[in-house]
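Chemist: Provided below are the primary sequence and the corresponding predicted coordinates.
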Amino acid sequence: MPCRWARHPTVRGARTCLAEVAQGEVCKLWRMNIRDHQECRVRHVLRAVVAGLLLLAGLCAGGTGAAYAASGISPVASDKFVLSRQADYSNALDSTLTGSRVGSALLHGMTGGRSGKAGLCYPTPFNPGVDADGYCWGEPTDGNESGTSGWAPQGFSVAHDSAGDGYWAGERWEVTSWHLGSDNRQSRLRFVDRTSATPRYYDVALVDFGGGTGVTPHASHTDGVVWYGNRLFVANGGTLDVVELRDLTRYSGISGFDYVLPVRARYTTAAGSPDGKCVPADGTWPCMNGLSFDREHSGLVSNEYYNVNGSGGRIVQWPFDLSTGDFPGTANTAEAAWVSPVWRMQGVVRAEGSFFISGACPSSFDVSYREPACVHKGAPAESTHVLTAVPDMAQNLDWDASTGRIRGVNEVTQADQAYPQRLVYGFSPTARPISAIRLRNVKSDKCLIPYGSSLNNGADVVQWDCNGKSGENWFWNGSEIRNFQSNRCLTVYGSSTSDGADAVQWDCNGSAAQRWSRVTGAAGGGALLVNGNSGACLTIYGGSTSDGAVATQWSCDASDTAHAWIGYTP
């Protein structure tokens, strides 16, 4: 079989030679344009087949989706969970900061800010029915997007107060919390001004005054953050730190920062623990590995990250006084608690009668990146389903009632990838129903999928065993055939009209090379998929029946089963 060159799906400037080998594997010969070297290696793209089909919510009419787990969000006793005030540094701060703090008014005039970039800057796996949007940090050279700086985002909150959501002092603001390094040696709050279309952000160091004049970086993982009025609550495992915007201080003693915020008070869930530490999913000392605001129930909601035997941690609702923006007392008993069926929970928000939980995806989800994440939706005491896949290592979520959107941030560090994928995003709490199909080739009995379940522009579209992976799902959007996972269009590369031109996925742009029509009456009860630009038909190169064989266009032959496709509902 002659060597047939195609573009490598993820390496710029590279081409790929596909050839069949004796074992039926696909041998990828990589040839960089900048050198004549060739390397052949066997690629195993997809993971093991899993039993059953666990699909994105909104695939079928009605948009309900499949349940993620047989167990639901189960209520548990909460009367032993107590959030107790551990320390109050108010007197020390008031005496130390007299005359030096600039106060919350400075949020309107902080200097040294940087501009982000509006829009979803990188490939994302959102369910198209949730109409996702967002922004990125916009400066990959400073390490914010790639993670090379060592800083990692965790918490996210829009500005809340007694009047509503999303606004502080009449302007749109939000905040993310970050920690530095695996040892959590430093922490910061990133205040983001969303008044204009281009986000602008300002970093403020969290610090400890130590009860005196010495200022030291505040060590915290900053697992979650809630902004309410002039207070911010920052979760850190078994503790909850409180800062107040009136303490915002211009200070040059912390490297890389012009402003600092000192911790004013601290609460703990582990006051009765023998070693003073929280224990996730066990005992009366819950961990606060995520934090969100629940206006409907006048509470703060914390969640535990838990990753043992596929189990989830606990979700706890804590009392909160909306009129004062603080806890009712120095010792506050939880009002309710649940055990989650979603494991590796990173964030939970409660809104419109449901919990929205960011955590691990079902095994059928494969988005070609390091750690796929999904947002699951379910009511208390009910089972959950996947609302949407989200960018890797999704962290905390928040609800902005002013826009009716779920908001969130992700942590993934991918400095070695073309797409670091650090984003702040928003999406609808309910997915528009989209009827997805799988496209099965009649000759090979295999399904169409972007190579490696890639999200990237230019990824070759190939055939693979029909095994329920999320990348095998497609849907018609007028005359476009869009991949449900990447929301990119099935495209003839370069708008070629030649036989043998590759089929790839690409941003949907309305070109004729992305238009397809279905012509019935093909061999084996299938249909032809005819390209609107070339008039040629979608087929598998050389009539191959091997996994990984590339989809191409060729002059239509209705009698050839390699040209025939059957679309079926998952």
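Modeler: Structure received. Note that this is a predicted model, so its numbers are computed, not measured.
Chemist: helices of this structure, start to end?
Modeler: Read by DSSP state H, the chain holds these helices, from start to end of the chain: 90-96.
Chemist: any stretches of it with poor pLDDT?
Modeler: Within the chain, the stretches with pLDDT under 70 are 1-70, 97-102, 104, 139-143, 210-213, 309-310, 415-416, 418-420.
Chemist: let's see it at 50
Modeler: Within the chain, the stretches with pLDDT under 50 are 1-70.
Chemist: what's the span of stretch 91-103, first residue to last?
Modeler: 17 Å (C-alpha to C-alpha, to the nearest Å).
Chemist: er, stretch 520-534 actually
Modeler: With C-alpha to C-alpha as the measure, stretch 520-534 spans 18 Å from end to end.
Chemist: contacting residues around that stretch?
Modeler: Contacts with stretch 520-534, where a contact means C-beta atoms under 8 Å, 6 or more residues apart in numbering, come from 439, 442-443, 479, 481, 492, 495-498, 501, 511-519, 536-538, 553, 556, 558-561, 563-567. C-betas here are computed from N, CA, C, even on glycine.
Chemist: need the buried ones from these selected in PyMOL.
Modeler: To isolate in PyMOL the members of the contacts of stretch 520-534 that are buried, counting by 16 or more other C-beta atoms under 10 Å, one can use:
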select buried, resi 439+442+443+481+492+496+501+513+514+515+516+536+537+538+553+556+558+560+561+563+564+565+566+567
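Chemist: so of the contacts of stretch 520-534, which ones are in strands?
Modeler: Within these, membership in strands is found for 439, 481, 492, 516-519, 537-538, 553, 565-567, as judged by DSSP state E.
Chemist: in CSV, list those residues along with distance to H179.
Modeler: Formatted as CSV, those follow (distance: C-beta to C-beta, whole Å):
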residue, distance to H179
L439, 44
I481, 43
V492, 46
W516, 48
S517, 53
R518, 52
V519, 57
C537, 54
L538, 48
Q553, 50
W565, 49
I566, 51
G567, 47
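Chemist: quick check: the two most widely separated of these?
Modeler: Farthest pair in the ones in strands among the contacts of stretch 520-534 (C-beta to C-beta) is V492 and I566. Separation: 21.1 Å.
Chemist: follow-up on the earlier one: ok, so of the ones in strands among the contacts of stretch 520-534, who is nearest G147?
Modeler: For the ones in strands among the contacts of stretch 520-534, the residue nearest G147 by C-beta to C-beta is I481; the value is 34.7 Å.
Chemist: and the closest one, how far from V461?
Modeler: Computed as C-beta to C-beta, to the nearest Å, the I481 to V461 distance reads 10 Å.
Chemist: intersection of neighbour lists for the two?
Modeler: Each of L490 lies in contact with both I481 and V461 under the rule C-beta under 8 Å, 6+ apart.
Chemist: ok, what's across the strand from the closest residue to R405 other than its chain neighbours?
Modeler: Once flanking residues are discounted, R405 sits nearest to G426: 4.1 Å by C-beta to C-beta, 6 or more residues apart in numbering. Per DSSP bridges, the residues bridged to G426 are D133, R407.
Chemist: what's around H179, how many residues?
Modeler: Summarising burial for H179: neighbours were counted as other C-beta atoms under 10 Å, giving 26.
Chemist: can you check Y167 too?
Modeler: By the criterion of other C-beta under 10 Å, Y167 has 18 neighbours.
Chemist: roughly how far does it sit from D193?
Modeler: For Y167 relative to D193 (C-beta to C-beta), the value is 12 Å.
Chemist: now list whatever residues contact both of the two.
Modeler: Applying C-beta under 8 Å, 6+ apart, one finds that Y167 and D193 are jointly contacted by W173.
Chemist: count of neighbours near T284?
Modeler: Residues within reach of T284, counting by other C-beta under 10 Å, total 17.
Chemist: all further residue positions should be reported with the first residue as 88.
Modeler: All right, first residue 88 from here; so that's T371.
Chemist: wait, it sits on D166?
Modeler: No - T371 lies out of contact with D166 (C-beta atoms under 8 Å); the separation is 9.4 Å.
Chemist: before we move on, the earlier item: which one of the ones in strands among the contacts of stretch 607-621 sits closest to F407?
Modeler: Comparing those against F407 with C-beta to C-beta places I568 closest, at 48.2 Å.
Chemist: correct me, but that closest one touches T578?
Modeler: No - the pair I568 / T578 is not scored as a contact, 9.2 Å apart, by C-beta under 8 Å.
Chemist: quick one: neighbours of the residue nearest to R492, just the number.
Modeler: For G513, the neighbour count with other C-beta under 10 Å is 19.
Chemist: what do you get for S557?
Modeler: Neighbour count for S557, taken as other C-beta under 10 Å: 30.
Chemist: can you pull the contacts of it?
Modeler: Contact partners of S557, counting by C-beta under 8 Å, 6+ apart, are 142-143, 212, 451-454, 476, 540, 571-572.
Chemist: so what's V477 up against?
Modeler: 211-213, 445, 460-462, 495, 497, 512.
Chemist: quickly list what it is bridged to.
Modeler: For V477, the beta-bridge partners are A460 (DSSP bridges).
Chemist: now it: how far from T420?
Modeler: 33 Å.
Chemist: swap in Y580?
Modeler: 62 Å.
Chemist: likewise for D532?
Modeler: D532 is 59 Å from T420, by C-beta to C-beta.
Chemist: next one: T471
Modeler: From T471 over to T420 the distance is 27 Å, taken as C-beta to C-beta.
Chemist: comparing these two, which shows the higher neighbour count?
Modeler: Neighbour count, other C-beta under 10 Å: between T471 and T420, T471 has more, with 28 against 15.
Chemist: run a quick neighbour tally on the closest residue in space to A466 that isn't next to it in sequence.
Modeler: Once flanking residues are discounted, A466 sits nearest to S441: 5.2 Å by C-beta to C-beta, 6+ apart. The number of residues packed near S441 is 19, by other C-beta under 10 Å.
Chemist: spit out the contact partners of S441.
Modeler: 464-466, 516.
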